[in-house]
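Novice: generate a structure from the sequence data that follows.
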Amino acid sequence: MRVCLALVAAGVLSGCSDFEVCEPVATSSLSAMPERLSGTGLFTDSSMTVLADDVRAFAPQFPLWTDGATKRRWIRLPPGGRIDTRDMDSWQFPEGTQLWKEFTRDGVRVETRLLEKFGPRPEDWRALAYVWLPDQRDAVAAPDGQDNAVGTPHDVPSAANCFGCHGGRESRVLGFSAIQLSYDAPPDLLDLEDLRVAGTLSRPPAIGFTVPGNDVERAALGYLHANCAHCHNQKRPDSDGERCFDPQNSLDFWLPVDRLGSPRDTPTYGAGTLAFKPGKPDKSNMIERVSKRESGWSMPPLGTEQVDAEAVALLRRWIAEMDD
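Specialist: Numbers count the residues shown, from 1 in each chain. As a prediction, this is how the structure comes out:
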């Protein structure tokens with residue numbers, strides 16, 4: 001509470017309710033999902049290694065930091081399904097869409113998360129993590145999450161906490177987007193051009209989108225977009241329930257496709273001294289927050305127990321080179 005009050009006084013937060021609490025997931029939603037990963041349709045063989053024919057792999061160009069875990073990601077659209085891209089910043093996916101993300105720590109396959117669109121409304125998504133069995137032959141649903149899963153330091157989130165991140169944007173899908181797929185991906189991974197050619201997008205852009213700036217600026221803006229913008233943005237869906245990682249401040253690290261003319265055109269630079277002081281990384285709140293792992297203080301607050309040293313160095317350089 002002491003930290004929370006200090007943040008309110010500094011203008012970082014507007015209230016001290018526990019924003020690390022999310023609404024419980026309805027039992028009916030959880031019971032509608034398979035008890036084992038093998039029942040989700042991701043793999044087609046008993047060894048859980050051969051992907052289904054209609055499942056495609058992808059990787060966001062700006063990944064989310066999860067303590068160095070190796071991750072693989074896949075998507076399946078329903079037959080004939082197209083993504084509604086009228087709002088290029090918030091894609092809407094057809095009912096029946098499934099996305100999976102697999103986490104490996106220390107060479108051990110630990111968990112695979114499933115995000116599934118079950119209805120027509122933007123909010124009709126359910127999420128569940130599956131923890132791999134020691135023999136790696138299947139993974140079992142873990143609606144309450146699990147700490148130090150499969151003998152690794154990796155913590156699996158509860159079904160409720162999945163929406164601590166995914167609930168921050170109307171699309172609910174974070175890594176499969178116009179910004180994240182606007183790069184020349186390897187042949188075995190989907191990118192924006194693949195989707196355009198395949199006719200998967202309702203309103204495909206003529207070309208992809210480029211994050212502005214030099215190498216340091218682009219990397220910093222991309223890191224903040226991937227790791228911070230699902231909470232820190234000004235278009236969060238309304239909620240009558242718990243705050244669920246809603247910081248309730250004016251920061252906005254999202255990269256809208258129509259504000260990519262220059263780094264200063266992006267909402268990130270509107271953060272002002274609330275997040276960083278140009279040219280002064282040691283006096284920037286952002287650097288202090290990403291350099292620690294302390295409950296109620298550290299950023300990002302979910303999915304990580306280790307400081308991302310490379311990201312800290314990147315953000316320090318970005319702020320140091322920033323003009324007033």
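
Novice: only C-alpha atoms from now on, for both contacts and neighbour counts.
Specialist: OK.

Novice: hey, where'd the helices end up in the stretch 151-300 of the chain?
Specialist: Using DSSP state H, counting those that start in this stretch, the helices of the stretch 151-300 of the chain run over 159-166, 192-198, 215-227, 285-290.

Novice: need the ones you listed in CSV with mean pLDDT, mean neighbour count and distance to V21, can you?
Specialist: Below are those laid out as CSV (pLDDT from 0 to 100; neighbours: other Cα atoms under 10 Å; distance: least, Cα to Cα, whole Å):
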stretch, mean pLDDT, mean neighbour count, distance to V21
helix 159-166, 93, 22, 8
helix 192-198, 98, 16, 35
helix 215-227, 98, 20, 19
helix 285-290, 95, 19, 20
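
Novice: so can I have JSON lines of those showing distance to E116?
Specialist: As requested, the helices of the stretch 151-300 of the chain are arranged in JSON lines below (distance: least, Cα to Cα, whole Å):
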{"stretch": "helix 159-166", "distance to E116": "12"}
{"stretch": "helix 192-198", "distance to E116": "20"}
{"stretch": "helix 215-227", "distance to E116": "20"}
{"stretch": "helix 285-290", "distance to E116": "31"}
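
Novice: quick one: contacts for F118?
Specialist: Taking Cα atoms under 8 Å, 6 or more residues apart in numbering as the definition of contact, the neighbours of F118 are E95, G96, T97, D124, W125, R126.

Novice: what subset of the residues you listed is buried?
Specialist: In terms of neighbour count (16 or more other Cα atoms under 10 Å), the buried residues within the contacts of F118 are E95, G96, T97, W125, R126.

Novice: poorly predicted segments of the stretch 151-300 of the chain, please.
Specialist: Within the stretch 151-300 of the chain, the stretches with pLDDT under 70 are 272.

Novice: picking that back up, make a markdown table out of the buried ones among the contacts of F118 and add pLDDT.
Specialist: Rendered in a markdown table, the data for the buried ones among the contacts of F118 read as follows (pLDDT from 0 to 100):
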| residue | pLDDT |
| --- | --- |
| E95 | 98 |
| G96 | 98 |
| T97 | 98 |
| W125 | 96 |
| R126 | 96 |
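
Novice: nearest to D184, of those residues?
Specialist: Sorting those by distance to D184 puts T97 at the head of the list, at 23.8 Å, by Cα to Cα.
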